[in-house]
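Enquirer: One predicted model, sequence on top.
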Amino acid sequence: MKIEYLKHSAIDRLRWDTTIRNSFNGLVYGYSWFLDAMAGNKWDALVVDDYKAVFPLVWNRKYGICYLYQPFFTQQLGVFSTSEISTEMMNACIEAIPRKFRFWNFHLNTENSFYTPDTGFITRTTYCIALNQPYPLIYNQYNDDAKKNLARIAMKEYTISNEIPVEKVAEVFFAAYGSHYPDNNQLSAKIINCAHQALQYKMGFTKAIYGGDGQLWCAGFFFKSHNIIHYAMAAPTAEGKRFGATHLLIDSVLKEYADTAYTFDFEGSDIPSVAYFYAKFGPVPRYYLQITNNRLPWWARLFKK
């Protein structure tokens with residue numbers, strides 16, 4: 001097994017994206033355009049056996065020290081491979097991460113497992129619904145609260161649209177949840193750029209719920225790649241929250257893609273209140289690892305938050 005560390009400028013982007021597209025565990029997050037949108041040129045890579053597998057390393061620098069981190073809106077990275085990923089390959093990749101990266105806090109994907117004694121990890125959860133079944137069977141998995149909310153909103157006049165601009169989705173999302181994110185303006189610009197590229201590559205779509213008077217109730221953007229639909233960025237307006245419009249937004253996507261090969265991925269969550277909301281739709285948990293490693297010098301640890 002040959003593992004090369006390549007700086008950003010040395011990565012063959014055509015071969016990289018071909019590997020991601022052909023990986024058995026490929027995800028939209030691994031494409032070069034996605035990484036560029038969310039991390040700029042501050043991502044390097046490990047390349048295994050001449051692009052048979054790849055491992056993006058997203059980095060930044062603070063106090064002159066390089067560290068690895070997970071960008072927002074990028075749930076999973078890790079090793080993507082065109083063939084089975086053995087524990088030996090994972091261990092070798094983890095060991096091959098250059099020592100210049102003195103602090104790690106990043107995510108692998110659900111097909112990555114490893115064991116090295118000096119690297120810590122946290123098990124993270126995502127929730128998924130297989131859509132290869134008729135909609136009535138999907139709906140039957142909803143809990144009583146979800147069904148009640150959908151029945152209540154069905155009494156209202158509304159429309160469902162796929163035409164809402166990404167910029168409006170981001171505006172609604174950050175108005176509702178922006179307090180949970182730093183540097184809202186910069187992050188909003190990044191995810192809008194990323195979403196536009198996904199639309200260009202036909203790897204994403206928008207969806208919105210409008211009341212009968214034309215007032216926006218809920219808006220969402222979804223990535224779509226490798227037979228997975230990712231619940232990436234969605235939120236209700238104040239009016240939509242009154243009617244539980246997010247239930248209808250999710251239900252409309254599940255209904256549209258029922259009886260297909262797609263899986264709907266809620267992208268989390270380990271936050272109990274969010275996990276409770278996702279659980280209303282009857283998803284199955286899947287697990288991936290958050291990797292941590294602290295090799296900071298003693299003086300840098302004094303400044304680490």
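Expert: Received it, and whenever you're ready, just let me know what you need.

Enquirer: Mind jotting down where the helices sit in the protein?
Expert: Taking DSSP state H as the test, the helices found in the chain are 13-22, 32-39, 87-96, 135-140, 144-154, 166-177, 184-200, 238-243, 245-256, 272-279, 298-301.

Enquirer: can you list the ones you listed in a markdown table and add mean neighbour count?
Expert: Just so you know, the C-beta spots here come from the backbone N, C-alpha and C atoms, and that holds for glycine as well. Output for these, formatted as a markdown table (neighbours: other CB atoms under 10 Å):
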| stretch | mean neighbour count |
| --- | --- |
| helix 13-22 | 16 |
| helix 32-39 | 21 |
| helix 87-96 | 17 |
| helix 135-140 | 14 |
| helix 144-154 | 14 |
| helix 166-177 | 18 |
| helix 184-200 | 17 |
| helix 238-243 | 16 |
| helix 245-256 | 21 |
| helix 272-279 | 14 |
| helix 298-301 | 10 |
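
Enquirer: who wins for proximity to I229 among the ones you listed?
Expert: helix 245-256 (6.6 Å; CB to CB).

Enquirer: Of the helices of the chain, which is nearest G120?
Expert: Here helix 87-96 is closest among these (CB to CB), at 11.5 Å.

Enquirer: If you count contacts, what does the closest one end up packed against?
Expert: strand 3-6, strand 43-48 (3 or more CB pairs under 8 Å, 6 or more residues apart in numbering; DSSP states H and E).

Enquirer: Quick one: find the helix or strand in the protein with the lowest mean pLDDT.
Expert: helix 298-301 (a mean of 56; mean pLDDT, DSSP states H and E).

Enquirer: before we move on, the earlier item: could I get the helices of the chain as CSV with distance to H230?
Expert: Below are the helices of the chain laid out as CSV (distance: least, CB to CB, whole Å):
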stretch, distance to H230
helix 13-22, 15
helix 32-39, 11
helix 87-96, 23
helix 135-140, 17
helix 144-154, 20
helix 166-177, 14
helix 184-200, 10
helix 238-243, 21
helix 245-256, 11
helix 272-279, 13
helix 298-301, 35
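
Enquirer: Ok, which of the ones you listed comes nearest F72?
Expert: Between F72 and those, the tightest spacing by CB to CB is seen for helix 184-200, at 5.9 Å.

Enquirer: and that closest one, how far out from the chain's middle?
Expert: 13 Å (CA atoms, centre = their mean, to the nearest Å).

Enquirer: what's the angle between that helix and helix 32-39?
Expert: Here helix 184-200 points in a direction 170 degrees away from that of helix 32-39 (axes from the mean of the first three to the mean of the last three CA atoms, to 10 degrees).

Enquirer: Fine, thanks again, bye for now.
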